[in-house]
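Participant: Quick one, structure for this:
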Amino acid sequence: MGSGRFNICHPRLCNLTLERSNEGEKGDVVAPQLMNLTIKYWTGIHLISSPNLTSLQYEDYLFPLEVSADLPHLEKVDICIHHCNVGADAHEIVCMLQKLHSVKFLTLNLEIIKILCSYVELISHQPSPFANLKCLEIYPKIHPDSEQTQPKVTTEVKNYFVDGSPGATFTMFSHEDIRATKKTKLAQDLITTLQALLEQEKAHIETKMVNMHEQEKAQIDFDSCWKYTSVQIEKGKEKTSDIISKLKEIKDLMTELPASNRATIQPSFSTLCVEADIVMNKITDCTKMQCDENLRRASVCFHELATTLRTSP
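Facilitator: This next block holds a predicted model:
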């Protein structure tokens, strides 16, 4: 400690997460058994010794991660730097990537690639350091307006990553891909939520049917019974309207998806529509049965009144 700097030194530390430092705090990490490291928005961390590190996730607004450690066992690395300082951080980014040379699965945000494409001279004469790379994924972290175009990755930048591993896959996700993925996830979550709601409603209807059969044997005030039924009719209308509204919301969301994404959730949505139809019919049938029972009771009541009038002196 001292001068706004701290050290993390531990011989058996395996997992470490650092998030949101105070401005100006910097630190060194020395952890020989460290396997999983996550650093989010904590500028100034210096990775000095972590030879067993297999998973690294780093995210910051401006600055690359400072690495002097040898990392021979890296399996998965996810690096995201939102707003790189053009020119000032290009060299630091290349230095950081050189230290990640053993990684097998690498994910970078598009803003990093833009910097490399702008300063391609920093890597154009260097051999690819990634001899073990199996998969490289590039994705945009910041989502621009739809009219902005997707930048192209230069041949020099692509070769820098994959020339050392000819079998590695290179996937670059567009802004449209990210939006489609998010909308697909939202549609799937809405389907799951509505499925749970329908299951809950089916159980509620079964309980209501049992209660109705018990009420048939009991003497219930006629006026109260009709008031209760009118309330149930309104609730039934609200529930069916809510189900239809949720189905329409999912359908509208699906129409915005690419055909391939839409095809993945279409079977679930079709099944959901069938279940929704069944549940709404059950709601209607239950309400009708209640109204029919009340009409039957009304008929009995009217018959008793007429009989009473005929027999009265």
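
Participant: mean confidence for the helix or strand harbouring Cys291?
Facilitator: Cys291 is part of helix 259-311, with elements assigned from DSSP states H and E. Average pLDDT, helix 259-311: 80.

Participant: go on, stretch 81-93?
Facilitator: 74.

Participant: how long is it from one end to the other?
Facilitator: Using Cα to Cα, to the nearest Å, one end of stretch 81-93 lies 10 Å from the other.

Participant: Check stretch 41-48 too.
Facilitator: 19 Å.

Participant: Give me the contacts around it.
Facilitator: Under the criterion Cβ atoms under 8 Å, 6 or more residues apart in numbering, residues 18-21, 24-30, 37, 39, 53, 59-63, 65-69 lie in contact with stretch 41-48. The C-beta positions use only the backbone N, C-alpha and C, and glycine is treated the same way.

Participant: Pull out the buried members of those residues.
Facilitator: Listed as buried from these are 18, 21, 27-30, 37, 39, 53, 59-60, 63, 65-67, 69; burial here means 16 or more other Cβ atoms under 10 Å.

Participant: still on that earlier bit, looking at the contacts of stretch 41-48, which are in strands?
Facilitator: 18-19, 26-30, 37, 39, 59-60, 66-67 (DSSP state E).

Participant: what two of those residues are the furthest from one another?
Facilitator: Val30 and Glu59 (22.1 Å; Cβ to Cβ).

Participant: Show me where the stretch 51-200 of the chain has its strands.
Facilitator: Here the stretch 51-200 of the chain has its strands, by DSSP state E, counting those that start in this stretch, at 55-60, 66-67, 76-81, 105-109, 135-139, 169-172.

Participant: Contacts for stretch 60-76 next, please.
Facilitator: Counting by Cβ under 8 Å, 6+ apart, 39-56, 58, 79-85, 89, 92-93, 95-96, 99-100, 102-105 sit against stretch 60-76.

Participant: ok, Ile81 to His175 distance?
Facilitator: From Ile81 across to His175, the span is 18 Å (Cβ to Cβ, to the nearest Å).

Participant: Between the buried ones among the contacts of stretch 41-48, which sits nearest Thr192?
Facilitator: Closest to Thr192, out of all of these and judged by Cβ to Cβ, is Glu59, at 28.3 Å.

Participant: can you tell me how far the residue lying closest to the closest one once chain neighbours are set aside sits from Gln57?
Facilitator: Sequence neighbours aside, Cys80 is the residue nearest to Glu59 in space, at 4.4 Å (criterion: Cβ to Cβ, 6 or more residues apart in numbering). Remark: distance between Cys80 and Gln57 (Cβ to Cβ) = 8 Å.

Participant: out of those two, which sits in the busier spot?
Facilitator: Counted by other Cβ atoms under 10 Å, Cys80 and Gln57 do not tie: Cys80 has more neighbours, with 19 against 16.
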